[in-house]
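Student: below: sequence and its predicted model.
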Amino acid sequence: MTEKLDGTASLVTGASSGIGAATAAMLAARGAAVAVAARRKDRLEALAAGVRDQGGTVLVLESDVTVERQATEAVERTVAEFGRLDTLINNAGVMLLGPMEGAPLSEWQRMVELNVLGLLYCAHAALPHLLAAAEDSPRRVADMVNISSVAGRVARNGSGVYNLTKHGVGAFSESMRQEVARRHVRVSLVEPGATATELAGHNRPEVLENLSAQFAGTERMQAEDIADAITYIVTRPRHVAVNEILIRPTEQER
């Protein structure tokens, strides 16, 4: 059975669209009070309106997690509003692909700043609150879910720096998992394959053309498919930790 999340509080980064928005809605439907963080406040407000229409509790946080102060404030405002933090979904990320030769250095910097530093800032600020929640909540467990990618498993031509960031997320997650496992904070890694979100849309036109050809005819997953996997992770009973989920479309070969 899927456990309810009544009485818990969650923070979802990158919640203005895609996996983040779908996850926030699902967690709220399970009874969690949800803080949604992203830079696009108008998108967050639209998401929040839908959550409230379904009877959920939501806090909108206009935040750029690549800025340490803003990432920390997102966590602290969540705790101030809801009185606790039981679940952190580190979802904010960017995927900028293409050959390394001649690549804009700004793209590499952007991926490191968001995929690595933004995640670290949120994890660092949230960890004390997650540890506290694991001690005093009725469920006696807390969760940090870090969103990686198939690219965090295998390095491939044309995605070197994206591979770098996602492999780093995996290593960080496993190390933290070991550190806090006996204190009942579960650290989980989710590695989606091709998913129909805005993620690929930030690439240069020539890269987009190559991606379209690569996945032509493949039925991609939807954001809700990944949100369902995340919700499964955080609703397990206290004695069950889902450490890692690699999830691809059925037709994706690699």
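Tutor: Thanks, I have it. Residues are numbered from 1 along each chain as shown.
Student: could you use CA atoms for every contact and neighbour count after this?
Tutor: OK.
Student: for the stretch 1-150 of the chain, which segments count as helices?
Tutor: 18-29, 41-53, 68-82, 105-111, 119-136 (DSSP state H, counting those that start in this stretch).
Student: which of the ones you listed sits closest to Ile233?
Tutor: Minimum separation from Ile233 across the helices of the stretch 1-150 of the chain (C-alpha to C-alpha) falls at helix 18-29, 11.2 Å.
Student: now the angle between helix 41-53 and that closest one, please.
Tutor: Here helix 18-29 runs at an angle of 30 degrees relative to helix 41-53 (axes from the mean of the first three to the mean of the last three C-alpha atoms, to 10 degrees).
Student: quick one: which of the helices of the stretch 1-150 of the chain is nearest Ala9?
Tutor: Among these, helix 68-82 sits nearest to Ala9 (C-alpha to C-alpha), with 6.4 Å.
Student: which helices and strands does the closest one pack with?
Tutor: For helix 68-82, the elements it packs on are strand 9-13, strand 33-38, strand 58-62, helix 119-136, judged by 3 or more C-alpha pairs under 8 Å, 6 or more residues apart in numbering; DSSP states H and E.
Student: of all those, which one is nearest Lys166?
Tutor: With C-alpha to C-alpha as the measure, helix 119-136 is the member of those nearest Lys166 (10.9 Å).
Student: what comes up buried for the closest one?
Tutor: Along helix 119-136, the positions that meet the burial threshold by neighbour count (16 or more other C-alpha atoms under 10 Å) are 119-123, 125-127, 129-135.
Student: in PDB, list the C-alpha atoms belonging to stretch 220-230.
Tutor: What follows is stretch 220-230 as a C-alpha-only set of coordinates in PDB (Å, rounded to 0.1, in the frame of the first residue of the first chain):
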ATOM      1  CA  ARG A 220       9.200   9.100 -24.600                       C
ATOM      2  CA  MET A 221       8.100   9.000 -21.000                       C
ATOM      3  CA  GLN A 222       6.000  11.800 -19.500                       C
ATOM      4  CA  ALA A 223       6.900  13.900 -16.500                       C
ATOM      5  CA  GLU A 224       4.200  12.100 -14.600                       C
ATOM      6  CA  ASP A 225       6.000   8.800 -15.100                       C
ATOM      7  CA  ILE A 226       9.000  10.100 -13.300                       C
ATOM      8  CA  ALA A 227       6.900  11.800 -10.600                       C
ATOM      9  CA  ASP A 228       5.200   8.500 -10.000                       C
ATOM     10  CA  ALA A 229       8.600   6.800  -9.400                       C
ATOM     11  CA  ILE A 230       9.600   9.600  -7.000                       C
END
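Student: give the rounded mean pLDDT of that stretch.
Tutor: Mean per-residue pLDDT for stretch 220-230: 96.
Student: quick one: buried residues of that stretch?
Tutor: The neighbour-count criterion (16+ other C-alpha under 10 Å) identifies Arg220, Met221, Gln222, Ala223, Glu224, Asp225, Ile226, Ala227, Ala229, Ile230 as the buried residues of stretch 220-230.
Student: can you tell me which of the residues you listed comes closest to Lys41?
Tutor: Comparing the buried residues of stretch 220-230 against Lys41 with C-alpha to C-alpha places Ala223 closest, at 19.7 Å.
Student: circling back: export the helices and strands packed on helix 68-82 to JSON lines and tack on mean pLDDT?
Tutor: Conversion of these to JSON lines gives the following (pLDDT from 0 to 100):
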{"stretch": "strand 9-13", "mean pLDDT": "98"}
{"stretch": "strand 33-38", "mean pLDDT": "98"}
{"stretch": "strand 58-62", "mean pLDDT": "98"}
{"stretch": "helix 119-136", "mean pLDDT": "97"}
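Student: now the ones you listed as TSV including distance to Glu251?
Tutor: As requested, the helices and strands packed on helix 68-82 are exported to TSV (distance: least, C-alpha to C-alpha, whole Å):
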stretch	distance to Glu251
strand 9-13	29
strand 33-38	32
strand 58-62	36
helix 119-136	30
